[in-house]
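1. Sequence below, structure please.
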Amino acid sequence: QLQLVESGGGLVQPGGSLRLSCAASGSTSGFNGTIGWFRQAPGKEREEISCVSPGNTKPYYHDKVKGRFTIFRDSIENAVYLQMNDLKPDDTAVYYCATACSLVFLAGYSWGQGTQVTVSS
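-> Purely as a prediction, here's the structure:
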């Protein structure tokens, strides 16, 4: 399994922005495939947020973040970023990246530590 590392989280006020990074740890083989961002808030199920696939496939965004979050890949840096704007308290969660768009395909997946995003005034 490709090992991914998330970073870039922090504490931000409502309306603020953060950019999360997802990078490969060790070998980058397979990193140019599908990469998805997920989040899990305290006491809630993990949910799919956004996803980018190879080629010209249109990125996926959950309705909750559509228009505020942008996912993009930097093939030179071997990273996938999640630009988060106009953050809301409901965006508070631990954010994870993985090598699929849907939790359906991630049963048994070895998740990374994630990165904490806290939106609070």
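
2. What residues does the residue nearest to the spatial centre of the chain make contact with?
-> In the chain, the centroid-proximal residue (CA atoms, centre = their mean) is Trp37; its distance is 2.7 Å. Applying CB atoms under 8 Å, 6 or more residues apart in numbering to Trp37 gives the contacts Leu20, Cys22, Glu48, Ile49, Ser50, Cys51, Ile71, Val80, Leu82, Tyr95, Tyr96, Cys97. In short, each C-beta sits where N, CA and C put it, glycine included.

3. before we move on, what about Tyr96?
-> Going by CB under 8 Å, 6+ apart, Tyr96 touches Glu6, Trp37, Phe38, Arg39, Gln40, Arg46, Trp111, Gly112, Gly114.

4. From Ser121, how far off is it?
-> 25 Å (CB to CB, to the nearest Å).

5. Just the ones of the contacts of Trp37 in strands?
-> Here DSSP state E is the test, and those give Leu20, Cys22, Glu48, Ile49, Ser50, Cys51, Ile71, Val80, Leu82, Tyr95, Tyr96, Cys97 as lying in strands.

6. The nearest residue to the fourth one once chain neighbours are set aside: what secondary structure?
-> What it means is Ile49. Closest residue to Ile49 apart from its sequence neighbours, by CB to CB, 6 or more residues apart in numbering: Trp37 at 4.6 Å. Using DSSP: H, G, I helix; E, B strand; the rest coil, the structure places Trp37 in strand.

7. what pairs with Trp37 across the strands?
-> Beta-bridge pairing for Trp37 (DSSP bridges): Ser50, Cys97.

8. please begin residue numbering at 479 from this point
-> Taking 479 as the first residue, the last one we looked at is Trp515.

9. Roughly how far does it sit from Ser599?
-> 24 Å.

10. ok, back up a step: could you tell me which of the contacts of Tyr574 count as buried?
-> Neighbour-count burial (16 or more other CB atoms under 10 Å) applied to the contacts of Tyr574 gives Glu484, Trp515, Phe516, Arg517, Arg524, Gly590, Gly592.

11. dump the residue contacts of the fourth one.
-> For Arg517, the contact set (CB under 8 Å, 6+ apart) comprises Arg524, Glu525, Ile527, Asp569, Ala571, Val572, Tyr573, Tyr574, Val595.

12. Cheers, nothing more for now.
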